[in-house]
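Peer 1: Sequence first, predicted model second:
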Amino acid sequence: MPFGVQLRTLRERAGLTQEELAERAGVTAHAVSALERGIRSRPYPRTVRSLAGALGISATDRAALLAASLPRPRTAD
């Protein structure tokens, strides 16, 4: 599942708006919006950790969110 979709799902499950999540994570609401929409698809690891902490998610969800933020290996055509 793409990072943005995963972030939106976790945010909605937590019952937070983009603005509330941004405030808790110490990022801008614009950054949360851009991540959820896939405009920014590779957030900094520190940002992912901040978002995960602000969401209060399980270790499993945290690991999945971090994995989704990593660059995908290129495949040979």
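Peer 2: It's in. Predicted, not measured: the structure shown is a model, and the values here were computed from it.
Peer 1: residues contacting the nearest residue to residue 8 once chain neighbours are set aside?
Peer 2: Distances taken as Cβ to Cβ, 6 or more residues apart in numbering place residue 36 nearest to residue 8, at 4.5 Å, with adjacent residues excluded. From N, CA and C alone the C-beta is placed, and that goes for glycine too. Residue 36 makes contacts with 4, 5, 7, 8, 11, 18, as judged by Cβ atoms under 8 Å, 6 or more residues apart in numbering.
Peer 1: could you dump the residues you listed to TSV with distance to residue 27, pLDDT and neighbour count?
Peer 2: Shown next, in TSV, are the contacts of residue 36 (distance: Cβ to Cβ, whole Å; pLDDT from 0 to 100; neighbours: other Cβ atoms under 10 Å):
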residue	distance to residue 27	pLDDT	neighbour count
4	14	95	21
5	18	95	13
7	11	97	24
8	15	97	18
11	12	97	20
18	10	98	18
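Peer 1: Mind listing what's buried along the host helix or strand of residue 19?
Peer 2: Assessed by DSSP states H and E, residue 19 sits inside helix 18-25. For helix 18-25, a neighbour-count test (16 or more other Cβ atoms under 10 Å) marks 18, 21, 22, 24, 25 as buried.
Peer 1: Now do the helices in the chain.
Peer 2: Here the chain has its helices, by DSSP state H, at 3-14, 18-25, 29-37, 45-55, 59-69.
Peer 1: relative orientation of the last one and helix 45-55 in degrees?
Peer 2: Spelled out, it's helix 59-69. 150 degrees (axes from the mean of the first three to the mean of the last three Cα atoms, to 10 degrees).
Peer 1: which secondary structure elements does helix 59-69 contact?
Peer 2: helix 3-14, helix 45-55 (3 or more Cβ pairs under 8 Å, 6 or more residues apart in numbering; DSSP states H and E).
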